[in-house]
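Asker: Sharing a sequence plus its predicted fold:
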Amino acid sequence: MILLLDAGNTRLKWGVTARGQLEPGAPFGYDGAGLEANLEAALGGVGDPLRILLCSVADAATSRRMIRWLRNRWPAPLATVVPGRRGCGVRNAYPEPELLGADRWAALVGARMAYPGQAVCVVDAGTAVTVDGLDADGTHLGGLIVPGLTLARTSLDRRTGRIGSSESGQDDARLELANSTREAVRNGAHYQLVALLDRVIQDLQSRAGREVAGVLTGGDAGRLLPLLGQTCAHRPHLVLEGLAEMARRGCNQQAVAA
């Protein structure tokens, strides 16, 4: 069994691979004071992994605490994801490949595995929304990073005399003009992202001259998916799928010293 960990800005997703099958666990949010307790509650009953692969875009202090807890909990070899110029069938567009986010790299690997021989637009809708293009031959075409739904609303709230955006609901957002300030902020955040994603997928299709598979993952993917004009698939465990493939093939990993 291999333990896979996807540590984002605010949540940790995890899963295990056993007999070639990915078995996702329940994701959880973590804060500074409760990190170790949350890790124990979520992972304490996993059993003894043969290996551990960690993909982290959390801040350095959180990542160090997580690695320390994993080291103390299990003697299994531990490695972190390090994007390279190429690996697992994907070629990195970044001149300095290690500067591409580890979660974006894992999502690209997962998309390449799920859609072999197809061009893909990979969208990870979390605290930040990342968008990456992948050509049919596995060439990374570059990407975009924009604020996610909550971040867009709360940043507007901070800069405009607290117009109430942080109190707005998200689940009933519509792509229409609103008749209250809170709804205007909420609907505006959704409109902004949906317009961006539809346009990027359209541009990628024009560039590729063929259909491009749109794939959404991340905590806000379910909110955005029904609003998009482009047909997209929801793969909530895409980063974990990529980690499972990297673990299987041994690519783009760096061992953590004991």
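Answerer: Here it is on my side, so go on.
Asker: Okay, helices next: where are they in the chain?
Answerer: Using DSSP state H, the helices of the chain run over 35-43, 60-73, 102-114, 149-159, 181-208, 221-224, 238-249.
Asker: how about those helices in a markdown table, adding mean neighbour count, distance to residue 27 and mean pLDDT?
Answerer: In short, each C-beta sits where N, CA and C put it, glycine included. A markdown table is the format used below for the helices of the chain (neighbours: other C-beta atoms under 10 Å; distance: least, C-beta to C-beta, whole Å; pLDDT from 0 to 100):
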| stretch | mean neighbour count | distance to residue 27 | mean pLDDT |
| --- | --- | --- | --- |
| helix 35-43 | 16 | 9 | 90 |
| helix 60-73 | 15 | 14 | 93 |
| helix 102-114 | 26 | 13 | 97 |
| helix 149-159 | 17 | 16 | 77 |
| helix 181-208 | 18 | 21 | 90 |
| helix 221-224 | 18 | 13 | 93 |
| helix 238-249 | 24 | 10 | 96 |
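Asker: so can I have JSON lines of those helices showing distance to residue 28?
Answerer: Shown next, in JSON lines, are those (distance: least, C-beta to C-beta, whole Å):
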{"stretch": "helix 35-43", "distance to residue 28": "5"}
{"stretch": "helix 60-73", "distance to residue 28": "13"}
{"stretch": "helix 102-114", "distance to residue 28": "17"}
{"stretch": "helix 149-159", "distance to residue 28": "17"}
{"stretch": "helix 181-208", "distance to residue 28": "25"}
{"stretch": "helix 221-224", "distance to residue 28": "17"}
{"stretch": "helix 238-249", "distance to residue 28": "14"}
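Asker: Select, out of those helices, the one closest to residue 84.
Answerer: Of all these, helix 102-114 sits nearest to residue 84, with 8.3 Å by C-beta to C-beta.
Asker: Contacts for that closest one, please.
Answerer: Residues outside helix 102-114 that contact it (C-beta atoms under 8 Å, 6 or more residues apart in numbering): 6, 8, 55-57, 80-83, 87-90, 92, 120, 122, 124, 130, 132, 134, 138, 140, 143, 213, 215, 217, 235, 238-243, 245-246, 252.
Asker: switch to 7 Å and redo it
Answerer: Residues outside helix 102-114 that contact it (C-beta atoms under 7 Å, 6 or more residues apart in numbering): 6, 8, 55-57, 81, 83, 88-90, 120, 122, 124, 130, 132, 134, 138, 140, 143, 215, 217, 235, 238-239, 241-243, 245-246, 252.
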